[in-house]
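Chemist: Fold the following.
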Amino acid sequence: MPNRALLYATGLHPSHMDRPFIGIASSFTDVIPGHTHMRTLERYIERGIENAGGTPFIFGVPGLCDGIAMGHSGMRYSLPSRELIADVVETVAGANAFDGIVLLTNCDKITPGMIMGALRLNTPTVVVTAGPMMAGHHAKRRLNLITDTFEAVGKFKKGEITEEDRQSLETEACPTCGSCQGMYTANTMACLSEAMGLSLPYCATTMAVLTAKQRIAYESGQRVVELVRKDMKSRDIVTMKSLENAIRADMALGGSSNTVLHLMAIAHEAGVPLTLKDFDRLSHATPHLCSMNPAGKWYMEDLHYAGGIPAVMRMLKDMIHDLPGVSGRTTYEIISGVRYYDPEVIKSPQMPEHPEGGIAVLHGNLAPEGAIVKQSAVEPDMMVFTGTAKVFNSEEEAMAAILGGKITKGDVVVIRYEGPAGGPGMREMLSPTAAIVGLGLHKHVALITDGRFSGGTRGPCIGHVSPEAAAGGLIAYLQDGDQIEINILCKTINAVLTEDEISRRKSTQPLLPPKEKTGYLARYARFVTSASTGAVFK
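Modeler: Alright, predicted model coming up:
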């Protein structure tokens, strides 16, 4: 009785009390362009829930934009925010005993964080990703965030573009609400949520500004009520087989390297033993089919009109599992309904962009637990590279050297103490990698880090080096002038050092002390695990 009395105080009608209570976890915020339009989508999800006989309740979830947090200390909060978001969803939905949840999300860490929280509760769940941004335009050329802002910094430094060009790119590269236009982390996670069966068909690629997105939001509200009635829970959908489907789609799309972290974290919450070996195995056996921006030429709008994720899954039919999803249809039922796809945008396995998937896992004395590279974004001539180390203990140090002209052909830029614990927070190194591309050095210079990369990174950039420097990995003991051997074809990364020299350095070269002593980041550094296990909490 007292519980219902308090609910009546919120304005509920007596008829609402006997319906399924559905939480709408909304990451609306004025700060993130991918989320500014969510107030409208909230209304359509509410309508769908009410129409299907449920009672909707909206609650807020925090969110960060990696692009806005990029290149400064704010990026240290990006990956740690994933754990906060998971805690918020678990806490609010658990405390209110919601019968089901709709996750209204879009950007990088918010999508996996929300899914992780829902999996902890094992509640009927539908994911609504709020849609990609349209491409910008300037002088009949399509624009995107990475190439036309981050990489433009290096071009401006070289004098290849004028101040007027710079200002135009800054104002026109991101013309609408939505997640950034290419196959960066936000859009990759949206695609993988759909491939796993957590979102309705075409949700991932339907543009933020299209009214079709509102209809998807409405139908998602209806579907979550049906899932509650059928008692179909999130862990019924997120299984080893559905994660394998997601990884296959990831490899075919040439998605963000961050998905390795996020899928392993999602698997951890689902109780699924997913490891880097699974990514390596599936990447080797899955062709890369879509030449997506930033490494390729197609944008999310092109992928949508080419048939979206159902068309990609149709191309992979012989490799994927037929599984149930939130739509009420199985994977094969969805892809059998594909009536059109564009073979120029979505290639066939017989004539792929590359014979292997977009991500490779490297091992060697520099990364005995593994390292990650987006191999679909590496120039063919840089797949095998030996260079001279130039070592930096932070992103800022490396960025100053790159823009100061201190990086030359044949160098391997080493950025360490940026891992999950050492950063803390495992910052994305998009500013350094984009500056290298803008300066035209990506065909002559490699970069390795125990941090991570944006989905927009391209070039021979190896991240997630594990163990990280703060944990005593070999990357902590590298010195300027060391020779680094990178062989993406053979999936190896090694420092040319003898065991005696490595032992000598470890005995004489102390590790750097923790950067944060108080606050959330200090707690995060104490509890976070290696990137090789998804950077989850112990």
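Chemist: any idea where the helices of the stretch 251-400 of the chain begin and end?
Modeler: 258-270, 276-285, 300-305, 308-315, 331-336, 395-403 (DSSP state H, counting those that start in this stretch).
Chemist: Please identify the deepest-packed of the ones you listed.
Modeler: Of those, the one with the most neighbours on average (mean count of other CB atoms under 10 Å) is helix 258-270, at a mean of 25. Where you see a C-beta, it was placed from the backbone N, CA and C, and this is true even at glycine.
Chemist: Give me the average confidence score over it.
Modeler: If you average the pLDDT over helix 258-270, you get 97.
Chemist: what packs against that helix?
Modeler: helix 78-95, helix 110-121, helix 185-196, helix 240-253, helix 276-285, strand 359-362 (3 or more CB pairs under 8 Å, 6 or more residues apart in numbering; DSSP states H and E).
Chemist: Mind listing what's buried along the fourth one?
Modeler: By that I understand helix 240-253. 242-253 (16 or more other CB atoms under 10 Å).
Chemist: Nearest to Leu289 among these?
Modeler: Ala252 (4.4 Å; CB to CB).
Chemist: residue contacts, the residue nearest to that closest one when sequence neighbours are not counted?
Modeler: The spatially closest residue to Ala252, leaving aside those adjacent along the chain, is Leu289, at 4.4 Å (CB to CB, 6 or more residues apart in numbering). Contacts for Leu289 were tallied using CB atoms under 8 Å, 6 or more residues apart in numbering; they are 252-253, 312, 315-316, 346-349, 352-353.
Chemist: which pair in those residues spans the largest distance?
Modeler: Most distant of the contacts of Leu289, by CB to CB, are Leu253 and Ser348, 14.6 Å apart.
Chemist: Nearest the geometric middle of this protein, what residue?
Modeler: Thr185 (3.0 Å; CA atoms, centre = their mean).
Chemist: In this structure it contacts Ser454, no?
Modeler: Yes: in terms of CB atoms under 8 Å, Thr185 counts as a neighbour of Ser454; the distance is 6.8 Å.
Chemist: what is in contact with these two at once?
Modeler: The contact sets of Thr185 and Ser454 overlap at 66, 256, 258 (CB under 8 Å, 6+ apart).
Chemist: Closest one of those to Ser327?
Modeler: Nearest to Ser327 among those, counting by CB to CB, is Ser256 at 24.7 Å.
Chemist: Tell me if I'm right that the closest one and Arg452 touch.
Modeler: No: using CB under 8 Å, Ser256 is not in contact with Arg452, being 9.5 Å away.
Chemist: Ala9: how many residues sit nearby?
Modeler: Residues within reach of Ala9, counting by other CB atoms under 10 Å, total 8.
Chemist: Report the buried residues of the lowest-mean-pLDDT helix or strand in the chain.
Modeler: Ranked by mean pLDDT, DSSP states H and E, the weakest helix or strand in the chain is helix 151-158, scoring a mean of 79. Using 16+ other CB under 10 Å as the test for burial, helix 151-158 gives 151-157.
Chemist: Kindly report the same for stretch 336-349.
Modeler: By neighbour count with 16+ other CB under 10 Å, stretch 336-349 contains the buried residues 338, 341, 345-347.
Chemist: ditto for stretch 88-103
Modeler: 88-90, 92-93, 98-103.
Chemist: Farthest pair within the residues you listed?
Modeler: Every pair of these checked by CB to CB; the farthest is Val88 and Asp99, at 18.6 Å.
Chemist: rewinding a little: export the buried residues of helix 240-253 to CSV and append columns for pLDDT and distance to Gln214.
Modeler: Converted to CSV, the buried residues of helix 240-253 look like this (pLDDT from 0 to 100; distance: CB to CB, whole Å):
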residue, pLDDT, distance to Gln214
Ser242, 98, 27
Leu243, 98, 30
Glu244, 98, 32
Asn245, 98, 27
Ala246, 98, 26
Ile247, 98, 31
Arg248, 98, 30
Ala249, 98, 25
Asp250, 97, 28
Met251, 96, 32
Ala252, 97, 28
Leu253, 96, 25
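Chemist: CSV for the residues you listed, including distance to Val384?
Modeler: Formatted as CSV, the buried residues of helix 240-253 follow (distance: CB to CB, whole Å):
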residue, distance to Val384
Ser242, 35
Leu243, 31
Glu244, 29
Asn245, 32
Ala246, 30
Ile247, 25
Arg248, 27
Ala249, 28
Asp250, 24
Met251, 21
Ala252, 24
Leu253, 25
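Chemist: Of the residues you listed, which is the nearest to Ser532?
Modeler: Ile247 (15.9 Å).
Chemist: Hmm, His321 and Asn245 touching each other?
Modeler: Yes: shown here, Asn245 and His321 form a contact pair, counting by CB under 8 Å, at 5.7 Å.
Chemist: so what sits against both of these two?
Modeler: Overlap of the contact sets of Asn245 and His321 (by CB under 8 Å, 6+ apart) consists of Thr331.
Chemist: can you give me the strands in this protein?
Modeler: Remark: strands assigned in the chain by DSSP state E are 21-26, 55-60, 100-105, 125-129, 136-138, 141-143, 359-362, 370-374, 384-392, 411-415, 446-449, 461-466, 483-487, 492-495.
Chemist: now what about the fifth one, what contacts it?
Modeler: So that's strand 136-138. Strand 136-138 has contacts (CB under 8 Å, 6+ apart) with 142-144, 148, 168-169, 172-175, 181.
Chemist: Next, the buried residues of the biggest helix by length in the chain.
Modeler: Longest helix in the chain, counting residues (DSSP state H): helix 211-230. Residues 213-214, 216-228 are the ones in helix 211-230 that count as buried (16+ other CB under 10 Å).
Chemist: quick check, nearest of those residues to Gly438?
Modeler: Nearest to Gly438 out of the buried residues of helix 211-230 is Lys213 (CB to CB; 33.3 Å).
Chemist: That closest one contacts Ala130, correct?
Modeler: Yes: with contact defined as CB under 8 Å, Lys213 counts as touching Ala130 (7.1 Å).
Chemist: shared neighbours, those two?
Modeler: Shared contacts of Lys213 and Ala130 (CB under 8 Å, 6+ apart): Leu41.
Chemist: Next, the contact list for Thr331, please.
Modeler: 197, 245, 313, 320-323, 325.
Chemist: can you do 10 Å?
Modeler: 195-197, 241-242, 245, 310, 313-314, 316-317, 320-325 (CB atoms under 10 Å, 6 or more residues apart in numbering).
Chemist: Need the pLDDT of it.
Modeler: Listed pLDDT for Thr331 reads 98.
Chemist: could we number from 252 for the rest of this?
Modeler: With the count now opening at 252, the last piece we talked about shows up as Thr582.
Chemist: if I look at it, how far off is Gly576?
Modeler: In this structure, Thr582 and Gly576 are 7 Å apart, going by CB to CB, to the nearest Å.
Chemist: what residues are shared contacts of the two?
Modeler: 446-448, 493, 496.
Chemist: give me the number of residues near Leu461?
Modeler: Neighbour tally, Leu461, other CB under 10 Å: 15.
Chemist: need the contact list for it.
Modeler: 382, 385, 429, 467, 552, 555.
Chemist: Which members of these are the farthest-apart pair?
Modeler: Met385 and Ile467 (17.1 Å).
Chemist: Could you find the closest non-adjacent residue to Met483?
Modeler: Pro375 (5.9 Å).
Chemist: go on, Thr684?
Modeler: Using CB to CB, 6+ apart and skipping residues adjacent in sequence, the residue nearest Thr684 is Thr708, 4.6 Å away.
Chemist: Buried residues in stretch 366-377, which are they?
Modeler: 366-372, 374-377.
Chemist: As JSON lines, these with distance to Ile517 and pLDDT would be great.
Modeler: Below are those laid out as JSON lines (distance: CB to CB, whole Å; pLDDT from 0 to 100):
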{"residue": "Ile366", "distance to Ile517": "5", "pLDDT": "98"}
{"residue": "Met367", "distance to Ile517": "6", "pLDDT": "98"}
{"residue": "Gly368", "distance to Ile517": "11", "pLDDT": "98"}
{"residue": "Ala369", "distance to Ile517": "10", "pLDDT": "98"}
{"residue": "Leu370", "distance to Ile517": "7", "pLDDT": "98"}
{"residue": "Arg371", "distance to Ile517": "11", "pLDDT": "98"}
{"residue": "Leu372", "distance to Ile517": "14", "pLDDT": "97"}
{"residue": "Thr374", "distance to Ile517": "15", "pLDDT": "97"}
{"residue": "Pro375", "distance to Ile517": "17", "pLDDT": "98"}
{"residue": "Thr376", "distance to Ile517": "12", "pLDDT": "98"}
{"residue": "Val377", "distance to Ile517": "16", "pLDDT": "98"}
